[in-house]
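Visitor: pasting the structure only:
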């Protein structure tokens, strides 16, 4: 029998962050980007849309009017999934269990421009967004009933985004959600066993190997994780462990902002389209406990696979068994690494 070849043979990879396995089948997609690549017509959005409820000066649901904002604008979601003013209660009847959940949902418009996504903003503009993330994490986390802050962005209709005006959301809630609970448990267990942070050790190894690095800056690294599920999945991680966005100084925060812009720019450049994704920050809970074992990081989960119109779906085997991918993390990283950091819509003459 021939020796196992991780680049070509079917195998499973372990994700130590959530303690789960996933299947890799490299032989099914050795050349995932050499087929036909359709480029859809570019959507031409105006800088300002009179019908957009997120644009400056426009009316939102319930008659609330937006100010004439000139930078990032934050407000409490008019259709919050979690609200603060509900009664405490629970159901405990054997297999039927439920409990009340309090929280606060916020929306942040990245800028007044209806047609500019993160890769089309300047780093200074992105920094203002991320600086607001930091403030919201601190302010919301200081509330006694808030134990977790989830910052996330859904970009594009493919990810269920209901309004094209570039924005993100913050859900602050009473409980620590399931995926973050897994990350918390595995980071804590690793720290108690090894005496070092799991993701710090992981970043150090990735920087040694250089196989999955997409981009590296002074304080951060963008990489395709060894256990990546989505075809062009990326994580942004600090080179030196930080438990939350609150622990970043302005230099580090600016560097993170530049990395955020570069990653999303590379995504758009990959198929020359406004690349859809779900992205979000995972960081230490705000429950008042010691979380020295935590490492702040950002996940990007984009669905596009072969072109601007061909997507990966989590169906069949993946819904019933475990995640699976047809190209290796190393192949994806190489493809992304070669892309420029100037947006494809900018005239390079």
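Guide: Perfect, I can see it now. What you see is a predicted model; the values in this text were computed from it and never measured.
Visitor: Do you know the pLDDT at residue 269?
Guide: For residue 269, the model assigns a pLDDT of 95.
Visitor: hang on, it packs against residue 345?
Guide: No - Residue 269 lies out of contact with residue 345 (C-beta atoms under 8 Å); the separation is 9.6 Å. Using the backbone N, CA and C atoms, a C-beta is placed for each residue, glycine as well.
Visitor: So for the two, which sits in the more crowded spot?
Guide: residue 269 (20 against 12; other C-beta atoms under 10 Å).
Visitor: Pull out the buried residues from the host helix or strand of that one.
Guide: Using DSSP states H and E, residue 269 sits in helix 250-271. Going by neighbour count (16 or more other C-beta atoms under 10 Å), the buried part of helix 250-271 is 252-271.
Visitor: where along the chain do the strands fall?
Guide: With strands called from DSSP state E, the chain shows them at 11-15, 20-24, 73-76, 90-93, 96-99, 103-109, 148-155, 167-173, 213-216, 220-223, 234-238, 277-282, 297-301, 324-325.
Visitor: Mean pLDDT lowest where, among these?
Guide: Averaging pLDDT over each of these puts strand 324-325 lowest, since it has a mean of 92.
Visitor: which secondary structure elements does it contact?
Guide: Secondary-structure packing of strand 324-325 (3 or more C-beta pairs under 8 Å, 6 or more residues apart in numbering; DSSP states H and E): strand 20-24.
Visitor: Can you tell me the strand partners of the strand it packs on and which way each runs?
Guide: Strand 20-24 sits in its sheet next to strand 11-15 (antiparallel), strand 324-325 (parallel), going by DSSP bridges.
Visitor: Where do the helices of the stretch 51-200 of the chain begin and end?
Guide: Listed in chain order, the helices of the stretch 51-200 of the chain (DSSP state H, counting those that start in this stretch) span 123-141, 178-194, 198-209.
Visitor: Just send those back as JSON lines, with distance to residue 8, mean neighbour count and mean pLDDT too.
Guide: Supplementary listing: those in JSON lines, determined by distance: least, C-beta to C-beta, whole Å; neighbours: other C-beta atoms under 10 Å; pLDDT from 0 to 100:
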{"stretch": "helix 123-141", "distance to residue 8": "39", "mean neighbour count": "18", "mean pLDDT": "98"}
{"stretch": "helix 178-194", "distance to residue 8": "29", "mean neighbour count": "16", "mean pLDDT": "98"}
{"stretch": "helix 198-209", "distance to residue 8": "18", "mean neighbour count": "17", "mean pLDDT": "98"}
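Visitor: Centre of the chain to stretch 63-79, how far?
Guide: How far stretch 63-79 lies from its chain's middle: 23 Å, per C-alpha atoms, centre = their mean, to the nearest Å.
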